[in-house]
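Visitor: got a sequence here, can you model it:
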Amino acid sequence: MKLPPRAAPRPLLPPALRRTAALVVAGCAAVTASLAMAFAGQARPDGLDAAVDAHVRSGLGQYQEQLRVLAKLGGQVPFALLTAALILACLATRRWRGAALAGLAVPGAVALTEYVLKPLVGRTILTGYDCFPSGHTTALFALAATCAVLLTGPARPRLPRAVRLLLVLGAALIAAGVAASMVARGYHYFTDTVAGTAVGIGVVLLTALLIDWAADKPRAPLRRSSGAPVTTAPEVSRVSIESPGPVGR
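Guide: I've put the predicted structure just below:
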């Protein structure tokens, strides 16, 4: 019985939008690099930070309890739980590329922020606390960008379009709320959160492009050491052996 051909796995990003995704990645890298060079080694806000930070703190200062709850979402434990839940959801639905995206891009973006950019740039706030880029903002926007790819790409779940768009919008609003809470509570400057947003989104889109490229790359046929393609030996047909007739006495 001939089995039906197995459907090819769907990519994370539609081919028509991969060029746009690459341009967004380049833009995120340019924003992060330009801000890093502008604020390297500084321990004070510039004019833009001073204006925006004061506006955010005056507007949100009365919501300290809500800001504290929002800020906790970007902590290590909630971040790890949200990432694990996203990976498990992809594995349960056999979305292998989605699981790879969540498992590589989200921790990778946070690691880039915490262990590379913060020590390298050396911008500080409060009592010498490295603040550029914002790790909380990076984590939440990386999660939001991953959700956006998984909910709107070719491998999206079978949910109504309005529901999927609402989920993406909700994830983006939560990420923006966490960024605002970090500025309002004095842990980051505004431009720290801009860089964290760029790092989170850029790393997710770059990882999605690399996963699709690696998975869709054509495989070369196996070859013998002499260079000739490996072929399967023809199947040997069975020879039926007749039983001998009665032996004469």
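Visitor: Q42: what's its closest spatial neighbour, skipping adjacent residues?
Guide: Spatial nearest neighbour of Q42, excluding adjacent residues (Cβ to Cβ, 6 or more residues apart in numbering): R123 at 5.4 Å. Placement of C-beta: from N, CA and C, glycine included.
Visitor: can you point out the buried residues in the longest helix out of those in the chain?
Guide: Longest helix in the chain, counting residues (DSSP state H): helix 190-216. For helix 190-216, the neighbour count (16 or more other Cβ atoms under 10 Å) marks 190-209, 211-212 as buried.
Visitor: so R44, which of the three states?
Guide: What DSSP: H, G, I helix; E, B strand; the rest coil gives for R44 is coil.
Visitor: next, it: phi, psi?
Guide: phi -150, psi 160 (degrees, to the nearest 10).
Visitor: what of Y129?
Guide: According to degrees, to the nearest 10, Y129 has phi -80, psi 120.
Visitor: what about the residue nearest to it when sequence neighbours are not counted, helix or strand, and which?
Guide: Nearest residue to Y129 in three dimensions, chain neighbours excluded: Y187, at 7.5 Å (Cβ to Cβ, 6+ apart). Assigned by DSSP states H and E, Y187 belongs to neither a helix nor a strand.
Visitor: export the helix or strand encompassing R19 as PDB, just CAs?
Guide: Per DSSP H and E: R19 is located in helix 18-39. Below are the C-alpha coordinates for helix 18-39, written out as PDB (Å, rounded to 0.1, in the frame of the first residue of the first chain):
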ATOM      1  CA  ARG A  18      11.800  37.800   4.100                       C
ATOM      2  CA  ARG A  19      13.400  40.800   2.500                       C
ATOM      3  CA  THR A  20      11.400  43.100   4.700                       C
ATOM      4  CA  ALA A  21      12.300  41.100   7.800                       C
ATOM      5  CA  ALA A  22      16.000  41.400   6.800                       C
ATOM      6  CA  LEU A  23      15.600  45.200   6.400                       C
ATOM      7  CA  VAL A  24      14.000  45.400   9.900                       C
ATOM      8  CA  VAL A  25      16.900  43.400  11.300                       C
ATOM      9  CA  ALA A  26      19.400  45.800   9.800                       C
ATOM     10  CA  GLY A  27      17.400  48.700  11.200                       C
ATOM     11  CA  CYS A  28      17.400  47.200  14.700                       C
ATOM     12  CA  ALA A  29      21.100  46.700  14.500                       C
ATOM     13  CA  ALA A  30      21.700  50.300  13.300                       C
ATOM     14  CA  VAL A  31      19.500  51.700  16.100                       C
ATOM     15  CA  THR A  32      21.300  49.600  18.800                       C
ATOM     16  CA  ALA A  33      24.700  50.400  17.500                       C
ATOM     17  CA  SER A  34      24.100  54.200  17.200                       C
ATOM     18  CA  LEU A  35      22.600  54.400  20.700                       C
ATOM     19  CA  ALA A  36      25.500  52.300  22.100                       C
ATOM     20  CA  MET A  37      28.100  54.600  20.600                       C
ATOM     21  CA  ALA A  38      26.200  57.700  21.800                       C
ATOM     22  CA  PHE A  39      25.900  56.600  25.400                       C
END
